[in-house]
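Asks: Following is a predicted model, sequence given first.
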Amino acid sequence: MSKNYLIGIDIGTMGTKTAIFSTDGNIVSDTFEDSNLIRPKLGIVEQDPDEIYNSVIDTIRQVVKKSGISPREIAGIGLDGQMAGILGIDKDWNAVTHYDSWLDTRCEPYIQIMKEKAGDKVLAITGCPVTYAHGPKILWWQKEKPDIFSEIDKFVVPTAYVAGKMTGLKGKDAYIDYTQLHFSGFGDVQKLSWSETIMERFNIPEEKLPNIIHPWKVIGELTSKCADECGMIAGVPVVAGAGDQPAGSLGAGIIRKGQIFDVAGTASVFSCCVNAFKPDIENKTIIFSRSVLPDLWIPLAYINGGGLCLRWFRDEFASKKFWNENTTTVQYEILNEEAEKVPAGSEGLLFLPHLGGRVCPNDQNIRGAWVGFTWSHTPAHFYRAIMEGIAFEYAYYLSILKALFEDMQLAEVRVIGGGAKSKLFNTIKADVLGVPYLPLAKPDIAVFGSAVIAGYGVGIYRNLESAVENAIPHGDVIIPNTERHNLYKEYLDAYIGLFDNLRGTFQKLANVRSG
């Protein structure tokens, strides 16, 4: 029987998405299962590792059943997932910690310690500013929970934990794929090795860290026990997998220098494909991630909850005059129609989209703000200003990338996520950035990317590029308007200036909040 199908799995923060694809890139069946974020008190966000594993098993079983295909036709399984959190396992691959989510802020004191002792060195070697990621989290476990730290054989990311449990790995087999290495705090992303310099600086034993491997490496095969649980057959190859953003970039066809990728979701993620490693030492804003493709990089930055700002406004502040008579919720389409009537620049209204603090560059005192509103501004102005604020933040990221890569020719922006459905939002971003916008019609970009990685790992595809290049349907290209682009340049200068102008105020407010 020929093997004509691949399974892709995305272990996200809000849940697990699993899909079966035919080898020509078409989706056969998919499903989603919500995750359980454990928040016992402020600053703590955990997940049960076995709940994460069970969500993968459950969703595989569902998509296989829904598809109606024989499990014997499935050639391989690939995974991607959230990158900045970690968990600890023992020598027998049992979880000895909870999953320490990237949303968990308990490691904040160790972020400051790492910054003070070796912040620029960490950034230069890992490509990532010190943030809520593996390095400070490992230090937290070492200093705050030494008894548990001593039980940990290896620290691993969710994709590795799940794949290892599916295939019966032991602690000595633990791994991290190179697309997630930038968040490690201790990994040299150029040499693909652990940095003795950083580990010695913080007294971290290398034996606690996993092997560094490429995403398409077959790390094992489904055990009989796992196969029984998920309705498969034993022996199906499982590849190492990748981080969610690199998998999504591959799935979106970001395979050439100058292509830009916009994930217009709950978080607003902006990345660009380049062919050299140039860490952002000066601004400490851009996170330099490896692409799945070995010779390319996908530096990125993001707004933590950028898209969430639009939903927040819709749910909390949109006027009842926009409500559909058949629902109690304002429709995005109606808000978009009204905001489209507002001139570019929202008639002098600016919005800072950092309601949960600014991540890139990291400044937790920064908050959201509207500046410049008058009695003439309507809810539609405020809504459009949110979209423009997100676009201005993207333009700031792009200005840094242009400074790092002066000869870079920008091709297009490929956009996915809920925000990609809004022609107005895409038009605003195209006009602000001065780059054409291309909304992608395939909604399952990350799981598709993971399936392609699996297909390459088991030999179905000759190369990764050809597997994704012609498999991605898209909508109409939005060409930037020169007149609006020039106007937005002036607003962008004002937007960037707001951070210096308001930083002292935000600091005072933070002091008041903390007592």
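Replies: Received, thanks. All values reported here derive from a predicted model rather than from experimental measurement.
Asks: Mind naming the longest helix for this structure?
Replies: Longest among the helix segments of the chain by residue count, using DSSP state H, is helix 482-514.
Asks: For that helix, name the packing helices and strands.
Replies: Helices and strands touching helix 482-514, by 3 or more C-beta pairs under 8 Å, 6 or more residues apart in numbering; DSSP states H and E, are strand 350-352, strand 369-371, helix 379-404, helix 423-433. The C-beta positions use only the backbone N, C-alpha and C, and glycine is treated the same way.
Asks: who wins for proximity to Val342 among those?
Replies: Distance to Val342, taken as C-beta to C-beta, is lowest for helix 379-404 among the helices and strands packed on helix 482-514, at 4.7 Å.
Asks: Not counting its own residues, what contacts the helix or strand just after the closest one?
Replies: Using DSSP states H and E, the helix or strand that follows helix 379-404 towards the C-terminus is strand 412-416. With C-beta atoms under 8 Å, 6 or more residues apart in numbering as the test, strand 412-416 has contacts from 248, 252-254, 259-265, 426, 429-430, 433, 435-440, 442-443, 445, 474, 477.
Asks: okay, the angle between strand 412-416 and helix 379-404?
Replies: Orientation of strand 412-416 against helix 379-404 (axes from the mean of the first three to the mean of the last three C-alpha atoms, to 10 degrees) gives an angle of 130 degrees.
Asks: my read: Thr16 touches Phe32, true?
Replies: Yes. Thr16 is in contact with Phe32 according to C-beta atoms under 8 Å; the separation is 7.0 Å.
Asks: Spit out the residues that contact these two alike.
Replies: Jointly contacting Thr16 and Phe32 under the rule C-beta under 8 Å, 6+ apart are Thr59.
Asks: out of the two, which sits in the busier spot?
Replies: The neighbour comparison of Thr16 against Phe32 (other C-beta atoms under 10 Å) goes to Thr16, with 28 against 15.
Asks: residues contacting the more buried one?
Replies: By C-beta under 8 Å, 6+ apart, Thr16 lies in contact with Ile9, Asp10, Phe32, Glu33, Ser35, Ile52, Ser55, Val56, Thr59.
Asks: show me where pLDDT drops low in the stretch 351-500 of the chain?
Replies: Within the stretch 351-500 of the chain, the segments meeting pLDDT under 70 span 473.
Asks: how close does Tyr456 get to Pro215?
Replies: Noted for Tyr456: a distance of 9 Å to Pro215, by C-beta to C-beta, to the nearest Å.
Asks: what does Cys273 give?
Replies: For Cys273, the distance to Pro215 equals 16 Å [C-beta to C-beta].
Asks: So for these two, which sits in the more crowded spot?
Replies: Taking other C-beta under 10 Å, Cys273 and Pro215 do not tie; Pro215 has more neighbours (32 against 21).
Asks: Contact partners for the more buried one?
Replies: Pro215 makes contact with Asp177, Tyr178, Thr179, Val239, Ala240, Gly241, Ala242, Pro246, Val292, Ile453, Gly457, according to C-beta under 8 Å, 6+ apart.
Asks: In contact with the nearest residue to Asp80 once chain neighbours are set aside, which residues?
Replies: Computed as C-beta to C-beta, 6 or more residues apart in numbering, the closest residue to Asp80 that is not its neighbour in sequence is Ala247, at 3.5 Å. Ala247 sits next to Asp10, Gly78, Asp80, Thr179, Gly241, Val292, Ala446, Val447, Gly449, Ser450, Ile453 when contact means C-beta under 8 Å, 6+ apart.
Asks: same thing with Phe32?
Replies: Gly15, Thr16, Lys17, Thr18, Thr59.
Asks: what helices or strands is whichever strand or helix holds Asp147 leaning on?
Replies: Using DSSP H and E, Asp147 sits within helix 146-151. In this structure, helix 146-151 packs against strand 87-89, helix 134-144, with contacts taken as 3+ C-beta pairs under 8 Å, 6+ apart.
Asks: Now find how far off-centre the longest one is within its chain.
Replies: The chain centre lies 22 Å from the centre of helix 134-144; the measure is C-alpha atoms, centre = their mean, to the nearest Å.
Asks: name the helices or strands packed onto it?
Replies: Helix 134-144 sits against strand 99-100, helix 108-126, helix 146-151, helix 196-202, with contacts defined as 3+ C-beta pairs under 8 Å, 6+ apart.
Asks: One more pass at 6 Å, please.
Replies: helix 108-126 (3 or more C-beta pairs under 6 Å, 6 or more residues apart in numbering; DSSP states H and E).
Asks: Buried residues, the helix it packs on. List them.
Replies: Neighbour-count burial for helix 108-126 flags Tyr110, Ile111, Ile113, Met114, Lys115, Ala118, Gly119, Val122, Leu123, Ile125, Thr126 (criterion: 16 or more other C-beta atoms under 10 Å).
Asks: what do you get for stretch 488-495?
Replies: Within stretch 488-495, the residues that count as buried by 16+ other C-beta under 10 Å are Tyr488, Tyr491, Leu492, Tyr495.
Asks: What of stretch 508-515?
Replies: Buried, per 16+ other C-beta under 10 Å, within stretch 508-515: nothing.
Asks: try stretch 67-85
Replies: Those buried within stretch 67-85 under the rule 16+ other C-beta under 10 Å are 67, 69, 71, 74-85.
Asks: Show me this structure divided up by domain.
Replies: According to automatic domain parsing, the chain comprises the domains 5-245, 247-304+410-415+435-469, 308-397+482-514.
Asks: Quick check: pLDDT value at Thr327.
Replies: For Thr327, the model assigns a pLDDT of 56.
Asks: How about Trp323?
Replies: Confidence score, pLDDT, at Trp323: 59.
Asks: now, the most widely separated pair of the contacts of Ala247?
Replies: Greatest spatial distance among these (C-beta to C-beta): Thr179 and Val447, at 15.4 Å.
Asks: Does Asp92 belong to a helix, a strand or coil?
Replies: Following DSSP: H, G, I helix; E, B strand; the rest coil, we place Asp92 in the coil state.
Asks: Could you check how far it is from Leu433?
Replies: To Leu433, Asp92 is 50 Å away according to C-beta to C-beta.
Asks: So the two - more neighbours on which side?
Replies: Using other C-beta under 10 Å as the criterion, Asp92 and Leu433 rank with Leu433 on top: 24 against 9.
Asks: can you pull the contacts of that one?
Replies: Ala395, Leu398 (C-beta atoms under 6 Å, 6 or more residues apart in numbering).
Asks: and the residue nearest to Leu300 when sequence neighbours are not counted, what does it touch?
Replies: In this structure, Leu300 finds its nearest non-sequential neighbour in Ser271, 3.6 Å apart by C-beta to C-beta, 6+ apart. Contact analysis of Ser271 by C-beta under 6 Å, 6+ apart lists Phe261, Ile298, Leu300.
Asks: Pick the one among those closest to Ala344.
Replies: Set against Ala344, the nearest of the contacts of Ser271 by C-beta to C-beta is Phe261 (24.4 Å).
Asks: I'd like to know how far that closest one sits from Gln409.
Replies: Distance from Phe261 to Gln409, counting by C-beta to C-beta: 16 Å.
Asks: Now name the helix or strand holding the residue of the chain most remote from its centre.
Replies: For the chain, the residue at maximal distance from the C-alpha centroid (C-alpha atoms, centre = their mean) is Trp375, at 38.6 Å. Under DSSP H and E, no helix or strand contains Trp375.
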